[in-house]
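Asker: Kindly return the folded structure for what I paste below:
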Amino acid sequence: MYRLRKAFSLIELIFVIVVLGIVSSIGSEIVAKVYDGYIVQRASFRSSMNTELAATQLANRLTYALPMGVIKRNSSIVPSNLNGFRSFDAVVPNPNAYDILEWVGVDEDSFDAGGWSGLNDLNTTTLNLIATPDSNMTFTNTVITNLSSGNPKTIASGAVFFPDVYDAYKLGFDGNITGINTAVSGGTNLINLIPTAMSRTMKEHYKFAWSAYAVVPGLENADGSITVRTAANPDVNRSNGTYDLILVYNYQPWLGQNYTNGSRQVLIKDVSVFKFTGAGDTIRFKICKQERISETDHITSCKEKAVIR
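Answerer: Take a look at the predicted model:
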């Protein structure tokens, strides 16, 4: 004996299918919007974080810039040309032409750890030897060698700078290295200078530096090598107009070198804007980075910082 059981009619089945189709279309649209929002937020976060990290690294390094030792450089002019750079606070007709920020960095690592003391005993100091109490220049030499491990340097790469004796035009940026107190060796409580017959201006306090630094537009190549913008190679932009900011270090203008001779590392990639300005002891800079969302879309994150030295 068979019993009849109620089931869905064809109309009811069609109605259920239609409702499910409507719900699924709405759901897929919601999922797509949520995913798109996630992609944008992730790109925004990554761009903002990378820009903040790069700006903070640059600000930290600029904190130890030698007073009056910061310049702005025009990469389209060869480094040895005096017209290619100006002191940082100099007023220039076309400030956008200066795309490289460059400075001499005080050796704060060795100073903080008990290397050079910054004191000069004028009663004992001679023309070619600085008597520097409470200094351990042998330790300073070790610090310099360790920090420049990729291209090792020694005290002989360093120089002594007295306040009010130098300015941006007396640091060797233009290839003129006369009059700079260049070190040759050191020991406990002394710094030997390169012998010279010319007179030297000595003061009771000094700063010791062994490297200049530069932030230069450039590109990291597919093989890992880095190209920086120069007068001979001015076009380093990507097809979308962005470039990388390259930190150049471990070079000595007072030994006749310039930023093309230094070691290089990428500070931040895909930069669309790098501008800097300032006056006196204040340096302001702005970095904008692009983060690609798709083949045609991107977002831009900008960070601006001020450094008071």
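
Asker: and for stretch 113-131, what are the contacting residues?
Answerer: Here stretch 113-131 makes contact (Cβ atoms under 8 Å, 6 or more residues apart in numbering) with 107, 109-111, 132-137, 139-140, 143, 160, 162, 181, 189-196, 199-200, 202-208. (Glycine included, C-beta is placed from N, CA and C.)

Asker: can you tell me which of these are in strands?
Answerer: 132-136, 160, 181, 189-193, 207-208 (DSSP state E).

Asker: Nearest to E52, out of those: which one, please.
Answerer: Nearest to E52 out of the ones in strands among the contacts of stretch 113-131 is K207 (Cβ to Cβ; 29.5 Å).

Asker: hang on, isn't the closest one packed against G158?
Answerer: No - using Cβ atoms under 8 Å, K207 makes no contact with G158, being 10.4 Å away.

Asker: More neighbours: which of these two?
Answerer: Neighbours were counted for K207 and for G158 using other Cβ atoms under 10 Å; G158 has more, 28 against 22.

Asker: Now that one. Its backbone dihedrals?
Answerer: phi -90, psi 170 (degrees, to the nearest 10).

Asker: contacting residues around it?
Answerer: By Cβ under 8 Å, 6+ apart, the contact set of G158 is D107, T140, I144, T182, A183, F208, A209, W210, Q252.

Asker: Which stretches in the stretch 101-250 of the chain count as helices?
Answerer: With DSSP state H, counting those that start in this stretch, the ranges of helices along the stretch 101-250 of the chain come out as 108-112, 137-147.

Asker: so can I have JSON lines of those showing mean neighbour count?
Answerer: Shown next, in JSON lines, are the helices of the stretch 101-250 of the chain (neighbours: other Cβ atoms under 10 Å):
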{"stretch": "helix 108-112", "mean neighbour count": "16"}
{"stretch": "helix 137-147", "mean neighbour count": "19"}
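
Asker: for those helices, which one sits closest to V228?
Answerer: With Cβ to Cβ as the yardstick, what comes closest out of these is helix 137-147 (20.9 Å).

Asker: Tell me the gap between stretch 199-209 and the middle of its chain.
Answerer: Computed by Cα atoms, centre = their mean, to the nearest Å, the chain-centroid distance of stretch 199-209 equals 28 Å.

Asker: and that stretch, C-alpha only, in CSV?
Answerer: In CSV, the C-alpha atoms belonging to stretch 199-209 read as follows (Å, rounded to 0.1, in the frame of the first residue of the first chain):
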residue,chain,number,x,y,z
SER,A,199,98.8,76.9,8.9
ARG,A,200,95.8,75.2,10.5
THR,A,201,93.1,76.8,12.6
MET,A,202,92.8,74.9,15.9
LYS,A,203,90.1,75.2,18.5
GLU,A,204,89.3,73.5,21.8
HIS,A,205,86.5,71.4,20.5
TYR,A,206,86.2,69.4,17.3
LYS,A,207,84.0,66.9,15.4
PHE,A,208,85.3,63.7,13.8
ALA,A,209,83.8,62.3,10.6
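
Asker: any idea of the mean pLDDT for it?
Answerer: Model confidence over stretch 199-209, given as mean pLDDT, is 90.

Asker: how far away is D235 from G114?
Answerer: From D235 across to G114, the span is 47 Å (Cβ to Cβ, to the nearest Å).

Asker: What of A168?
Answerer: In this view, A168 and G114 are 30 Å apart by Cβ to Cβ.

Asker: now swap in N192 and tell me
Answerer: Distance of N192 to G114, computed by Cβ to Cβ: 20 Å.

Asker: Point out where the protein drops to low pLDDT.
Answerer: Along the chain, the parts satisfying pLDDT under 70 run over 1-13, 15-16, 23-40, 197.

Asker: So in it, which strand runs the longest?
Answerer: Longest strand in the chain, counting by DSSP E: strand 263-279.

Asker: What segments of the stretch 201-309 of the chain are strands?
Answerer: Ranges of strands within the stretch 201-309 of the chain are 207-220, 226-228, 243-251, 263-279, 282-292, 298-308, based on DSSP state E, counting those that start in this stretch.

Asker: Adjacent strands (with direction) for the fourth one?
Answerer: Spelled out, that is strand 263-279. With DSSP bridges as the test, strand 263-279 is paired with strand 243-251 (antiparallel), strand 282-292 (antiparallel).

Asker: The second one now?
Answerer: Pairing partners of strand 226-228, with direction, according to DSSP bridges: strand 207-220 (antiparallel).

Asker: F285: what's it in contact with?
Answerer: So F285 contacts A55, L58, L101, F274, K275, F276, T277, E304, K305 (Cβ under 8 Å, 6+ apart).

Asker: From these, pick the one nearest Q257.
Answerer: L101 (17.5 Å).

Asker: For the closest residue to the closest one other than its chain neighbours, list each beta-bridge partner.
Answerer: The shortest distance from L101 to any residue other than its chain neighbours is 4.7 Å, reached at V215 (Cβ to Cβ, 6 or more residues apart in numbering). Counting by DSSP bridges, V215 forms beta bridges with L101, L247.
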